[in-house]
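**Q** Sequence and predicted structure below; questions after.
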Amino acid sequence: MGYIFDPLVLQAVAKEGIAKKLKTKDLFAYIAEKLAEKYPGHIDVNAAAVFNNAGGAMGTMYVLHASITEYVIIFGSPIGTEGHTGRFMADDYFTILEGEQWAFGESDTERSVFRPGDMHHLPRGTAKAYRIPDHCFALEYARGFIPAMLPFGFADTFFSTLDFNTLGRTVAIYAKRTIAELLQGKI
């Protein structure tokens, strides 16, 4: 079993949640529950928050799905952050839930601005700078070889934060979710 998630379905669920004008955590719960209905057995509706430091940016994430070829998370920050997106062997789709995300490519002279409901697609092999100027959360979906993304996600731990507690929690969550998916025949 290869890819199971459709970025347009994820965006549609996000837009449904946005339209309900829920409080932030209620919006997260709504999205997780709706995705669990659409993708039974593949969404963790009780995902716990864990810090994420990558590319110089810091936020928090809720891992709804993780496997060898896909992940679905809610990522963001209530206080803003900025950094490098990373350059991956995966397509990355960010559907903004709340706030704004700004981004630019290396030859851009103007920023792109993404608001609630907008999808920011980062194609495989490309990288951008991004900024969350204030409060912003997004439903993020990556499709490709996810293990190759992990060094980017872990590097800040070794070279900056030394937050091995968060690293351990992240590895445990990814391993648990990936093993659960493998047991269902999902790579």
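**A** Yep, it's here.
**Q** show me where pLDDT drops low in the protein?
**A** Residue ranges of the chain with pLDDT under 70: 1.
**Q** Strands of that one, residue ranges please.
**A** Taking DSSP state E to define them, one finds strands in the chain at 49-54, 57-66, 70-77, 81-84, 90-99, 101-104, 112-114, 119-122, 129-132, 136-144.
**Q** Please convert those strands to CSV, extending it with distance to Lys25.
**A** Bear in mind the C-beta positions are built from the backbone N, C-alpha and C, glycine included. As requested, these are exported to CSV (distance: least, C-beta to C-beta, whole Å):
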stretch, distance to Lys25
strand 49-54, 10
strand 57-66, 10
strand 70-77, 10
strand 81-84, 19
strand 90-99, 11
strand 101-104, 20
strand 112-114, 22
strand 119-122, 22
strand 129-132, 18
strand 136-144, 10
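**Q** which one of those lies closest to Leu167?
**A** strand 49-54 (9.2 Å; C-beta to C-beta).
**Q** Strand 70-77 and that closest one, what's the angle between them?
**A** 90 degrees (axes from the mean of the first three to the mean of the last three C-alpha atoms, to 10 degrees).
**Q** Identify whichever of the strands of the chain lies nearest to Asp6.
**A** Among these, strand 136-144 comes nearest to Asp6, with 9.0 Å by C-beta to C-beta.
**Q** so what strands line up beside the closest one?
**A** strand 70-77 (antiparallel), strand 90-99 (antiparallel) (DSSP bridges).
**Q** Would you mind putting those into JSON lines with mean neighbour count and distance to Phe159 alongside?
**A** Output for these, formatted as JSON lines (neighbours: other C-beta atoms under 10 Å; distance: least, C-beta to C-beta, whole Å):
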{"stretch": "strand 70-77", "mean neighbour count": "23", "distance to Phe159": "21"}
{"stretch": "strand 90-99", "mean neighbour count": "22", "distance to Phe159": "22"}
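**Q** In this protein, which helix is the longest?
**A** helix 164-183 (DSSP state H).
**Q** Can you say which of the strands of the chain is nearest to Leu183?
**A** Across those, closest to Leu183 is strand 57-66 (C-beta to C-beta), at 13.4 Å.
**Q** Throw the strands paired with strand 136-144 into TSV and include distance to Pro40, thanks.
**A** Below are those laid out as TSV (distance: least, C-beta to C-beta, whole Å):
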stretch	distance to Pro40
strand 70-77	14
strand 90-99	21
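**Q** so which of those comes closest to Pro151?
**A** Among the strands paired with strand 136-144, the nearest to Pro151 by C-beta to C-beta is strand 90-99 (13.1 Å).
**Q** Quick one: distance of that closest one to the chain centre.
**A** 7 Å (C-alpha atoms, centre = their mean, to the nearest Å).
**Q** For Lys176, find the nearest of the strands paired with strand 136-144.
**A** strand 70-77 (12.9 Å).
**Q** how far out from the middle of the chain is that closest one?
**A** 2 Å.
**Q** can you check stretch 38-54 too?
**A** Centre-to-centre, stretch 38-54 and its host chain are 9 Å apart (C-alpha atoms, centre = their mean).
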